[in-house]
Each structure stands twice: as C-alpha cells, then as structure tokens.
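K.L.:
Sequence first, predicted coordinates after that:
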Amino acid sequence: MSIDNIHLTDWTSFDGTEAPPGDPDLSLVHLSDLHGQLGPANQVFYETTRGSAPIEFGSEGRVVRPVRGLATHVSKIEELRNTRETLVLMSGDTFHGTAETTFTNGEIMLEPITEHVKPDVYVPGNWDFGHEGAVDGSALDLFDALNAPTLATNLTDTEGRQLYDGFALFERAGHTIGVVGMTNPYIDRMAPAFHEGKYEFGKSPVILDQTARAARTAGADFVVAVTEIGLPWMVQAAKDFESVDVALSAHTHEYTYKPIQIAPTETMVIESGMGEALGRVDLRFDETGPAYRHVLYAFVDDVGYTPPPDEATAETIRHLRAPFFEENPSFERGGVTLDRPLSTVVGETKQELARQSFLESAWNTLFNDALRSTFDADLAVSHGNRFGQAIPAGEITLGNVYTFYPMTAPIAVGDAWGQQLYSHVEDYLIDNFTSHIYDQEDGRVRAFSSNVELVVDPAAKRGRRLVSMRIDGSEIDPEETYRVASFRRPGAPKRDLGGCNFPFRNIETKETIPATVLSDYLETHTPVEYEVMDLVTTPDSGGTVQNTPAEGPYPFIQPGVDYADGTKYIETSMIPRAFDHPKPNGD
C-alpha cells in the first residue's frame, strides 16, 4: 500500500536548512482536541498566509465543509501503520464536548480510542477533567481505562505525588524515542471544581525541560514533547530550551500546515487543529542527521488525501451513538434528562454558524442573546469558548447545540456593579495580551450578548486595555447596577456566576441548562441570522488584532507570538515595544 506524499512539506533538517530527499524511517501521528467528536459533522476552515487545507475558499477566505469523523482518522492511521513504523501520540481534550460525552461521563470515547485508534501515548487536556464537576465524574478512571500510558509530568495530587509518568521510551527505527507529556497547567484557573482537593498542576516550563533531559539520561536519543497548553506556550518553550526535538502542541486548536522551526534550538513545533485534523511528521535518521517532513490532514470530503472511513470503527461508533437517536433516549446527568433524540431539529439558521474565532463569534453571541432573553436581563456573559462544530445554513439539531454547550450546569442571573464588569473584562485582556507568554491562558475574549460593545487596545499597558464598554449604546456606568445573565459553574464560589470571579447580588437560578436555553430560544426565534457584528473592535490609534486567521497576516488564532522565525519574539503591535518586532512582509 502506498501513502500519499503530495501534500508533504520538503525534507528539512532541524537547524532549518534543506535536507536531501529520502525515505522515512518513522512517522509520528498526532491526534488532538477531539472534543468528543465521533461521527460526521461540519467544520470551518480558514485560508491563511502560512498554508491552508487544499480546498477552495472563495473571496472571504473561509468555508464550512463536511468532515467524516473519527473513523476517517483511524483509516489514515492504519494506512501509515501498514507501511512503516509509527508512534501514535494523542493529546486531549477527548472526553468532553458532545451530548454523548456529557451523559456518559466521557466513557463513550473509550472503546473507539482503545480498540481502534490504539494510541501509544495519551496526554490529558484541560477539558478531560471537565466531568470532575459531577459527583460521579473521574478523569483518572478514564485515563486508566486506556490501553496506553498516560503521560503528565506536571500532574500531582495535593500532597505533591506525581500521578503519571513524565516520559516513556519507545524503540523505533533503530532509535530510542523519548516521549514527554505535559498537561494543561491552568486548570486551577479555569474551573475550581475540576481540581480542588484532588490535583495540582505544575506551571513552570522548566518541568518540561527537566523531564526531556531525564528521558535523554534514560537512553532517549530523540525526544518528542506532547503538550496540551497551547501553541504560544510551546513555541516559547522551544526557544528557551534545547532538550526537545519535536513538539506536538494542543489546546489552542491551531492548524500548523507548515511546521514552526526554531533554528537556534533545533526544535520543530506543530499543532494539529481540532477534531477533524490529523498531524503527520515523517522522520528520517541517517548520516546527515535527523530530518523531517510534515502534513496536516484536514479530513474534508472530496479532498484527495481523505480516505474512506474505517468500517470497523464506523460500526463501533454507530452502535455507541444509536441510543442517543432513539425516540426517548432517557439519559440522565446532573439532574438533567436527555428526553429527545439528538437528531431533533430545534431551529434554522440563515447563514453558517461557527466559533473558532478569537474576539467574537456568531454562536457565542446567539447563546448570550438566548440567556438574556430568558431572564429579561440587561446583558449576558459567558466564556468565549472556541470548541464545537460549525453549522452551514439550514437546520440546527439538538446534537449540534450540545457540541457547543455540553454541560449540565444551571443558568442563573444576578446583579453586578458596572465597575465589576469593567474590571472583569480587563482581567481577561491581561490573560490574552500579556507579553509574558507563559501566562497566556485563555485564547479567547469573553463573550457578551449582542447589545454589548467593547473597544480594546491590546497594545496598551496592563489594566488599561479596555477603552470602552457600551451597553445598549451607552457607556457603562461604574456605579450603576446591571442585571447579568450567565450560568453557575460547578465548584465556583456561591456568589460567582459564569467564571466572572466577583460576587454577584440577588442571584436567581433556574434549573435549566445552556443547551435547553438555546434550543428553546431557537424554536421561538427561528430562523436566526447571526454573523460577526464587530461587537469587539480596536481603536484607530492603538494596537490591532484580527478575529480569524483569514482576516490578516497573522496566521493563527491566539495572538502574541512570532511564528515566522525563531529569533524574533512578537509579530504584531499588540505587545509592549521593549520586544523586537519583525517588519511586515520581511521588509
């Protein structure tokens, strides 16, 4: 069986120079950020200045296309396994992200992963701990059920005992390959219920370096890092340390169609998208030194490299998902019952809906409008999450809704001072636009209902990045009280709503979950027509930031790092001038 090589990059040495052609000795296969996606769906793809999927994008530089699901990944993985030695390296988030994972504690993912993907290594992601917020949720039970070692060098219990190994050694292609795993270090900041009284997450990048060095001491002559922290973090670590050869990043859902080569440390970094994408790195070891070539598969229908789904995997998935499409599924979780099949049509959209964008997405705005309407509140606020399928114009099903809001937390409303809201937004802007890359945690701006407009200056000093916040066209009054709709996060302080991290007053909770709120809203407001409405903008006199990779020269979603070459630190004007900024277009 021959493997497609048309879309691969040229062979490259790890110092960034061109390497002679040759045959690969080993393929690294990277599967990440599934977010519970098993079956066929749709996803949004962007045309960027640093590579794109081999599809037609049209004038807007983005397109929503069908993708085939996990059975397609397995088909490609088996093609590679049948032709050469492989290492299949998998990183979270896997066990969270759909109705199927929500109502099974993530357990529905175990058989497809263990029996069909058969990874050599698993590295947890932040959402893999998401079921810890429920009484019967346990991330460790999921990890332990996999027939693959879980690696997490920075995960300990509350007494400092490491819960999983930091690295593993594999004999491949006549070499000892060390694989280092590091899970997301910011889970304690994201959701207290996921960790309190159970886990600690080491944050220092030195942990990764020390573990990679330990792998070399144990006999590794080539080291691969698998991390679930985000591309900016991993690129900076690749600049700071020389102990890793290949870094497979995850968490920020970036699509690195062209590898990021850090020449001074001879480290190559990729991130392999979300759900429908699969990273492949071919390695060659010969007398000229190690070299690589790479392709990021985006498994869109009718693209040449997209294989037919693996039938055994597809049958397993059909069997596991079938109960969710019965007339009365009757799944229960957190006091909530799934009483309609996921195929139930709950509304219609006049144009595509997606939410991989950074500043603002139509899906998040739609949800917040539904929250606001439910409570007749002044405004609504929620996380600006970016996981989930895209939906083309047409019908919206209950299953679609759950891919965006796979949670059973109840919705709530409470009173907040204007100053609390203003300070809250400033805190998130610090997370997103800090020049200290290792502190960049969020990868998204907070989402509000469509009556809220923000002007942000990412180039301003810390604490001064929110230029304006307007509600119904009027500037926010710090001393005014606003009725704010959101939801209750498991484990959060009693008076906190929606991760705002300040005390609300006069809280009212409804035993209704986000998916139900949105479904009910769609049923009464359909068809909906939402798009990016420039609710978050930047001032003419300040720094700029783009919403999607298709809207400017910045090739990825998360801002703040120069991915163009390994010597400069920042590509945009978002960061304080003390750093060296590359000139546009290399001038």
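P.N.:
Received the coordinates, thanks.
K.L.:
Does residue 381 touch residue 446 like I think?
P.N.:
Yes - here residue 381 reaches residue 446: they are 6.1 Å apart, a contact under Cβ atoms under 8 Å. For every residue, glycine as well, the C-beta is placed using N, CA and C.
K.L.:
Sketch out the low-pLDDT regions of this structure for me.
P.N.:
1-2, 135, 442-443, 558-587 (pLDDT under 70).
K.L.:
Could you measure from the most far-flung residue of the chain relative to its centre over to residue 15?
P.N.:
Centroid-distance maximum for the chain: residue 287 at 38.4 Å, with Cα atoms, centre = their mean. As judged by Cβ to Cβ, to the nearest Å, residue 287 and residue 15 stand 16 Å apart.
K.L.:
Please apply the same query to residue 90.
P.N.:
29 Å.
K.L.:
Moving C-terminal from the longest helix seen in the chain, which element do we reach first?
P.N.:
Ranked by residue count under DSSP state H, the longest helix found in the chain is helix 418-433. Going down the chain from helix 418-433, the next helix or strand is strand 447-448, by DSSP states H and E.
K.L.:
Outside of that following strand itself, list whatever touches it.
P.N.:
360-361, 364-365, 367-368, 379-384, 454, 535 (Cβ atoms under 8 Å, 6 or more residues apart in numbering).
K.L.:
Surely residue 49 is within a helix?
P.N.:
No - counting by DSSP: H, G, I helix; E, B strand; the rest coil, residue 49 is not part of a helix but coil.
K.L.:
wouldn't it be in contact with residue 550 here?
P.N.:
No - if you go by Cβ under 8 Å, residue 49 and residue 550 don't touch, sitting 9.7 Å apart.
K.L.:
which of the two has more neighbours?
P.N.:
Just comparing residue 49 and residue 550: by other Cβ atoms under 10 Å the higher neighbour count belongs to residue 550, 20 against 14.
K.L.:
quick one: contacts for the more buried one?
P.N.:
Residue 550 neighbours (Cβ under 8 Å, 6+ apart): 46, 47, 48, 57, 60, 61, 62.
K.L.:
What is the neighbour count of the first one?
P.N.:
In other words, residue 46. Neighbour number of residue 46 under other Cβ under 10 Å is 22.
K.L.:
That one and residue 358: what is the separation?
P.N.:
11 Å.
K.L.:
between residue 90 and residue 15, who's got more neighbours?
P.N.:
A direct count of neighbours by other Cβ under 10 Å for residue 90 and residue 15 places residue 90 higher, at 24 against 13.
K.L.:
got the contact list for the spatially closest residue to that one that is not a sequence neighbour?
P.N.:
Closest residue to residue 90 apart from its sequence neighbours, by Cβ to Cβ, 6 or more residues apart in numbering: residue 119 at 3.9 Å. By Cβ under 8 Å, 6+ apart, the contact list for residue 119 reads 31, 88, 89, 90, 113, 146, 148.
K.L.:
Out of those residues, which comes closest to residue 68?
P.N.:
Using Cβ to Cβ, residue 31 is the member of these that sits closest to residue 68, with 14.3 Å.
K.L.:
Quick check: the closest one touching residue 278?
P.N.:
Yes - between residue 31 and residue 278 there is a contact at 5.8 Å, judged by Cβ under 8 Å.
K.L.:
picking up where we left off before, what's the overlap in contacts for residue 46 and residue 358?
P.N.:
Among the neighbours of residue 46, those also in contact with residue 358 (Cβ under 8 Å, 6+ apart) are residue 548.
K.L.:
Now do the helices for the stretch 201-350 of the chain: every range, in order, please.
P.N.:
Using DSSP state H, counting those that start in this stretch, the helices of the stretch 201-350 of the chain run over residues 205-217, 231-240, 311-321.
K.L.:
Could you give me the buried positions within the longest one?
P.N.:
Buried positions in helix 205-217, judged by neighbour count with 16 or more other Cβ atoms under 10 Å: 205, 207, 208, 209, 210, 211, 212, 213, 214, 215, 216.
K.L.:
In three-state terms, label the closest residue to residue 107 other than its chain neighbours for me.
P.N.:
The shortest distance from residue 107 to any non-neighbouring residue, by Cβ to Cβ, 6+ apart, is to residue 142 (7.1 Å). Three-state call for residue 142 (three-state DSSP): helix.
K.L.:
Can you tell me the number of residues neighbouring residue 142?
P.N.:
Neighbours of residue 142 under the rule other Cβ under 10 Å: 25.
K.L.:
ok, now which ones touch it?
P.N.:
95, 105, 106, 107, 109, 110, 128, 131.
K.L.:
any idea how far it is from residue 180?
P.N.:
From residue 142 to residue 180 the distance is 21 Å (Cβ to Cβ).
K.L.:
for residue 287, same thing?
P.N.:
27 Å.
K.L.:
Touching stretch 183-200 from outside, list them.
P.N.:
In contact with stretch 183-200 (Cβ under 8 Å, 6+ apart) are residues 92, 123-126, 129-130, 132-133, 139, 152, 154-158, 160, 163, 201-203, 227-229, 251, 441, 489-492, 499.
K.L.:
Can you give me the neighbour number for the residue lying closest to residue 234 once chain neighbours are set aside?
P.N.:
In this structure, residue 234 finds its nearest non-sequential neighbour in residue 249, 4.0 Å apart by Cβ to Cβ, 6+ apart. Neighbour count of residue 249, defined by other Cβ under 10 Å: 29.
K.L.:
Having no further points to raise, I will conclude here.
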